[in-house]
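K.L.:
generate a structure from the sequence data that follows.
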Amino acid sequence: MRAWVVDAGAVFGDDHLGVRMRPADLPDPQPGPGEVRVTVLACGVCRTDLHLAQGDLTPRRRGTVPGHEFVGRVDALGEGAERFSLGERVGIAWLRHTCGRCRWCRRGA
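P.N.:
Numbering: from 1, shown residues only. Down below sits the predicted model:
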């Protein structure tokens, strides 16, 4: 998979060197149990992504791929993934998963 990755940590003040991203060829991710893999069709860039790219925030790990709000099509299903079908268009928000038990989860929010 072709992606842009952030490799540098936070840089402040006079040492600020600008954008800390580079293009990279990464292995295609494989969906785990209950997960789907999505081919990205459109991706939003939020302020957090810009903070990472500009060195204002330290990435959690080297090689972080910014872009966590996107629309795409399901192209692979992990074991037990039944909610979505191959080829189905989906939107992905910043939240990876939820507890499934609180009042917001129970009402589908």
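
K.L.:
what segments of this protein are helices?
P.N.:
Listed in chain order, the helices of the chain (DSSP state H) span 47-53, 103-106.

K.L.:
adding mean neighbour count, write the ones you listed out as JSON lines.
P.N.:
From N, CA and C alone the C-beta is placed, and that goes for glycine too. Converted to JSON lines, the helices of the chain look like this (neighbours: other CB atoms under 10 Å):
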{"stretch": "helix 47-53", "mean neighbour count": "16"}
{"stretch": "helix 103-106", "mean neighbour count": "10"}
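
K.L.:
could I get those helices in CSV, plus columns for mean pLDDT?
P.N.:
Compiled in CSV, the helices of the chain are given as follows (pLDDT from 0 to 100):
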stretch, mean pLDDT
helix 47-53, 81
helix 103-106, 86
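
K.L.:
okay if I get these as TSV plus distance to residue 26?
P.N.:
TSV is the format used below for the helices of the chain (distance: least, CB to CB, whole Å):
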stretch	distance to residue 26
helix 47-53	17
helix 103-106	32
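
K.L.:
which one of the ones you listed lies closest to residue 75?
P.N.:
Residue 75 lies closest to helix 47-53 among these, at 22.9 Å (CB to CB).

K.L.:
enumerate every residue touching the residue nearest the centre of the chain.
P.N.:
Central residue check for the chain by CA atoms, centre = their mean: the C-alpha nearest the mean position is that of residue 68, 3.6 Å away. If you count contacts by CB atoms under 8 Å, 6 or more residues apart in numbering, residue 68 has them with 46, 48-49, 92, 94.

K.L.:
those residues: which two are farthest apart?
P.N.:
The most widely separated members of these are 48 and 92, with 14.9 Å between them, by CB to CB.

K.L.:
what's the helix or strand of the chain with the lowest mean pLDDT in contact with?
P.N.:
In the chain, the helix or strand scored least confidently by mean pLDDT, DSSP states H and E is helix 47-53, which has a mean of 81. Contacting residues not belonging to helix 47-53 are listed as 6, 19-21, 57, 59, 64, 66-68 [CB under 8 Å, 6+ apart].
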